[in-house]
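1. Everything below, folded, please.
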Amino acid sequence: MATKYDLPNSLIHEWQKYGELFALGDSRTTTGSGSWTSDTSSTVYNYTTGEEDLFDQLFVVLEDYLFTATDANNKAEVSDLDNVENTLTNALASHEAEKATDEQLGHVAVDGESIITNEAGVIFANPIIDDTQHKPQIAISTLFQMCEVGYGGTIYAIAADDNYVYVGGASTETVRKLNKSDLSQVVESASYGGTIRAIAADDNYVYVGGVGGVSAYTVRKFNKSNLSQVAESANYGGTICAIAADDNYVYVGGATARTVKKLNKSDLSQVAGSVSYGGTIYAIAADDNYVYVGGDTTQKVWKLNKSDLSKVAESANYGGNIRAIAVDDNYVYVGGISARTAKKLDKSNLSQVAESADYGGNIYAIATDDNYVYVGGETTRTAKKLNKSNLSQVVESAYYGGTIYAIAADDNYVYVGGESARTVKKLVHIILIGYKEVT
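-> Here you go, the predicted structure:
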């Protein structure tokens, strides 16, 4: 019997970083009585063990990776292992009942006959392992926690660039710059003077806004290098809930004023302002030509010209307050309360193209990469990874520990933050595929 551990490229990268990547032809002793041996592909490894229970084999691999990538290298805090095991145990029962169908696993098909397609490539489903024909019996797909770090208060905003994560929120009321590799703190800003509710970043600066005393209703511009303050805007007129930035301007929205204000990046002076949205603006996103906003009361996505912030189009009513917006080249992705689904809108006219299943609670955060949408919120309190094409669910993380208010994503990882847990968690998508001999 053998278990095949199918590694996404992001995990390969992580092993390289820790010096733990097993090159072609290498093998080693791992946790338990197993050993790693390489395949002809640099992203596929076989894990062979004498244990009888298939799930135990899969979890040994997961457990081994956790301790190899964290404790042994002093790179991260190991936590919630029992919760992960319980989650996977429940998943196993469902997969056994349905033979790990597409419906259960999203983009992974494991039925003993088909081809398995995933982030690591295409693998034929009847491989030869140890000179014996095998077929897949079970696969477990999860957003797995790599590491986490505490902030000291509820996290409302996260932004990321190539090397760092920037986080802000309540109680601590500062921006913290964290290394992407292990979420260790690099530098911290001075106090914003109130709860930070929004963060945006460009190549050189970080822009933040929030709520507090009158002095905290402003946008602050910080140097990325040391998070020293460079500039400050005039008072927005209420709580700042959302910020977006392009090459030359910053776009800000929030409560009381209920308008979008366009600010010069250089000194944060105001260039233009929109008409009132009609309610608090909780979400802003921008592309090359337009700004997309959403919030409460009006409960629609507005598309505004960047030049003068005049309205070009509006969507149908979302079905509740809009709390999160993200965009790519062709579509707008929106989530919020009451409706509790992610909706995909055509940028041209804001007509609905697709809608996800119910998240299970209010959605407060959305992020995208090239192929997926990531959502988080309350009640369910997990990060869910959705296919961009139809917003079907691919995989779900373990319980965050509280409401998720902020998500950022890059090519390899997802970063989430929120309340109760009050930590930034770095997640990676891994897939464990179990095989048995063909008899």
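
2. Hmm, V293 is touching T280, no?
-> No: the criterion here is C-beta atoms under 8 Å, and V293 misses it with T280 at 10.7 Å. The C-beta positions use only the backbone N, C-alpha and C, and glycine is treated the same way.

3. Between the two, point out the one with more neighbours.
-> Using other C-beta atoms under 10 Å, the more surrounded residue of V293 and T280 is V293, with 29 against 20.

4. show me where pLDDT drops low in the stretch 301-439 of the chain?
-> Within the stretch 301-439 of the chain, the set of residues satisfying pLDDT under 70 comprises 430-439.

5. redo that, cut-off 90
-> The stretch 301-439 of the chain contains residues with pLDDT under 90 at 370-371, 393-401, 411-413, 421, 426-439.

6. burial count for A354?
-> As a burial measure, the neighbour count of A354 was computed by other C-beta under 10 Å and equals 18.

7. wait, I meant A234
-> By the measure other C-beta under 10 Å, the count of residues near A234 is 13.

8. Next up, the contacts around it.
-> Residues counted as contacts of A234 (C-beta atoms under 8 Å, 6 or more residues apart in numbering) are 218, 268-270.

9. Could you do K265 as well?
-> For K265, the residues meeting the contact criterion (C-beta under 8 Å, 6+ apart) are 202, 205, 221, 245, 248-250.

10. Next: N362.
-> If a contact means C-beta under 8 Å, 6+ apart, then N362 has 320, 323, 336-338, 340, 377-379 as its contacts.

11. swap in V186?
-> 164, 177-179.

12. residue boundaries of the helices in the stretch 251-400 of the chain?
-> Secondary structure of the stretch 251-400 of the chain by DSSP state H, counting those that start in this stretch: no helices are present.

13. still on that earlier bit, using JSON lines, please lay out the contacts of A234 together with distance to L427, neighbour count and pLDDT.
-> As requested, the contacts of A234 are arranged in JSON lines below (distance: C-beta to C-beta, whole Å; neighbours: other C-beta atoms under 10 Å; pLDDT from 0 to 100):
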{"residue": "T218", "distance to L427": "33", "neighbour count": "22", "pLDDT": "95"}
{"residue": "L268", "distance to L427": "34", "neighbour count": "21", "pLDDT": "97"}
{"residue": "S269", "distance to L427": "39", "neighbour count": "11", "pLDDT": "98"}
{"residue": "Q270", "distance to L427": "38", "neighbour count": "13", "pLDDT": "97"}
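
14. Can you tell me which of those residues is nearest V260?
-> Here the nearest of the contacts of A234 to V260, counting by C-beta to C-beta, is Q270; it sits at 10.9 Å.

15. My read is that the closest one contacts V260, right?
-> No: contact between Q270 and V260 fails when scored by C-beta under 8 Å: they sit 10.9 Å apart.

16. so how many other residues sit close to the residue lying closest to G320 once chain neighbours are set aside?
-> Computed as C-beta to C-beta, 6 or more residues apart in numbering, the closest residue to G320 that is not its neighbour in sequence is S338, at 2.6 Å. Residues contacting S338 under the criterion other C-beta under 10 Å number 11.

17. now N163
-> Counted with other C-beta under 10 Å, N163 comes out at 11.

18. Got the phi and psi for the closest residue to it other than its chain neighbours?
-> The shortest distance from N163 to any residue other than its chain neighbours is 5.8 Å, reached at K180 (C-beta to C-beta, 6+ apart). Per-residue torsions, K180: phi -60, psi -30 (degrees, to the nearest 10).

19. try the one 4 residues further on
-> Dihedral angles of S184 (phi, psi; degrees, to the nearest 10) stand at phi -70, psi 150.
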